[in-house]
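[1] here are the coordinates; sequence isn't available:
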């Protein structure tokens, strides 16, 4: 998947300025930046919730910018949204079933194998789950679409450290199985431990793109744009 010269607006507010980067197949790309830098807007643009004013987005060579979110999902892009956004009045199993799309390796049973806790709570209303369990359900729901590319927006937000570590292990496992992932995260340490490549956005523009090893070496850049180290 690649973005080239993408400009996105919320009304008259120009949020993304010529954003471009590439996610190579089977890789995990960390999309980093301070709060308000444009990371979530970038994912929203990829998913078709926002249509770019300029530039293009391609998925395995096919242009997807300008398509509806449903069409982009059908072509193999899944989203784990910020704040989880599970269907609170549906059960765990129903949340997974409504997201099933196409033929592929991901079924309800396979999600339950990945997240045994969800199997234990399969008949529970999603709104009654803990924050960590809801995050597992949000990931499982996205996988039910059998995506080729998975976009993850702040999956560790608001979770206890033990659950954050578990979510990190799951993300690493999914990537190791060949799933291409764009990961937006404020937990920079966890993210740099998972990523192959890093893109840093500041005020809606890409200020760094490169391998994770290069990002780790440049502590001054990380401090300047992320406020860490």
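    Alright, I've got the coordinates. Owing to the predicted nature of the structure, the values given are computational and were not obtained by experimental measurement. Numbers count the residues shown, from 1 in each chain.

[2] The protein: helices as residue ranges?
    Assigned helices in the chain, in chain order: 39-47, 69-74, 92-99, 108-114, 116-120, 131-143, 161-176, 188-194, 212-217, 219-226 (criterion: DSSP state H).

[3] Chain neighbours aside, what residue packs nearest to residue 27?
    Counting by CB to CB, 6 or more residues apart in numbering, residue 27 lies nearest to residue 196, which is 4.4 Å off, once chain neighbours are set aside. For glycine as for every other residue, the C-beta is placed from the backbone atoms N, C-alpha and C.

[4] no wait, residue 44
    residue 50 (4.9 Å).

[5] Near the residue nearest to residue 27, how many other residues are there?
    16 (other CB atoms under 10 Å).

[6] picking up where we left off before, can you redo the helices of the chain as TSV with mean neighbour count, distance to residue 23 and mean pLDDT?
    Shown next, in TSV, are these (neighbours: other CB atoms under 10 Å; distance: least, CB to CB, whole Å; pLDDT from 0 to 100):
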stretch	mean neighbour count	distance to residue 23	mean pLDDT
helix 39-47	23	10	97
helix 69-74	15	14	95
helix 92-99	20	22	96
helix 108-114	16	22	97
helix 116-120	15	27	96
helix 131-143	23	16	96
helix 161-176	16	11	95
helix 188-194	17	14	94
helix 212-217	16	13	94
helix 219-226	15	20	88
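
[7] How much space separates the closest residue to residue 51 other than its chain neighbours from residue 199?
    Counting by CB to CB, 6+ apart, residue 66 is the residue found nearest to residue 51 once chain neighbours are left out, at 5.9 Å. Using CB to CB, to the nearest Å, residue 66 is found at 22 Å from residue 199.

[8] Identify the residues contacting the residue lying closest to residue 74 once chain neighbours are set aside.
    Spatial nearest neighbour of residue 74, chain neighbours left out: residue 101 (7.0 Å); criterion: CB to CB, 6+ apart. Residue 101 makes contacts with 73-74, 144-146, as judged by CB atoms under 8 Å, 6 or more residues apart in numbering.
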